[in-house]
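>>> The amino acid sequence is not available; the structure is as follows:
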């Protein structure tokens with residue numbers, strides 16, 4: 001990722017905003033990377049198709065749930 005190539009409206013460089021956004025993304029990746037299922041972070045396994053009923057495998061839904069629960073805990077969202 002090259003933060004020097006991130007531009008807002010009007011092609012005005014906003015390196016400060018780009019750095020903040022990158023730091024937020026990296027934190028999310030860290031939180032999801034710490035969710036460990038069978039020795040691998042959940043980010044390497046989540047793939048859910050949005051194509052009708054019966055297209056998702058149950059274990060993939062489980063990975064997605066674990067990742068979302070980790071984000072709920074990280075952001076302290078009441079469930």
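The structure has been received and is ready for your questions. On a predicted model such as this, the values are computed, not experimentally measured, just so you know. Numbers count the residues shown, from 1 in each chain.

>>> how many other residues sit next to residue 69?
14 (other CB atoms under 10 Å). Using the backbone N, CA and C atoms, a C-beta is placed for each residue, glycine as well.

>>> nope, residue 32 is what I was after
Neighbour count of residue 32, defined by other CB under 10 Å: 19.

>>> Assumed it was part of a strand.
No: judged by DSSP: H, G, I helix; E, B strand; the rest coil, residue 32 forms no part of a strand; its state is helix.

>>> That one and residue 25, how far apart?
11 Å (CB to CB, to the nearest Å).

>>> Please apply the same query to residue 73.
Residue 73 sits 18 Å away from residue 25, going by CB to CB.

>>> Worst mean pLDDT across the helices and strands of the protein, which element?
Lowest on mean pLDDT, DSSP states H and E among the helices and strands of the chain sits strand 40-41, with a mean of 66.

>>> immediately after that strand, which helix or strand?
Beyond strand 40-41 on the C-terminal side, the first helix or strand identified by DSSP states H and E is helix 58-74.

>>> If you count neighbours, what's buried in that next one?
63, 64, 66, 67, 70 (16 or more other CB atoms under 10 Å).

>>> In CSV, list these along with pLDDT and distance to residue 19.
Formatted as CSV, the buried residues of helix 58-74 follow (pLDDT from 0 to 100; distance: CB to CB, whole Å):
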residue, pLDDT, distance to residue 19
63, 78, 30
64, 79, 29
66, 85, 29
67, 85, 25
70, 89, 24
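
>>> which regions of the protein sit below the pLDDT cut-off?
Counting by pLDDT under 70, the chain contains low-confidence ranges at 1-13, 37-41, 43-56, 79.

>>> and of the buried residues of helix 58-74, the nearest to residue 78?
If you rank the buried residues of helix 58-74 by distance to residue 78 using CB to CB, residue 70 comes first, at 15.4 Å.

>>> Am I right that that closest one is in contact with residue 30?
No: the pair residue 70 / residue 30 is not scored as a contact, 10.2 Å apart, by CB atoms under 8 Å.

>>> re the thing from before, nearest to residue 36, of the buried residues of helix 58-74?
residue 66 (9.1 Å).

>>> That closest one touches residue 35, doesn't it?
Yes: with contact defined as CB under 8 Å, residue 66 reaches residue 35; the gap is 5.1 Å.

>>> Sounds good, over and out.
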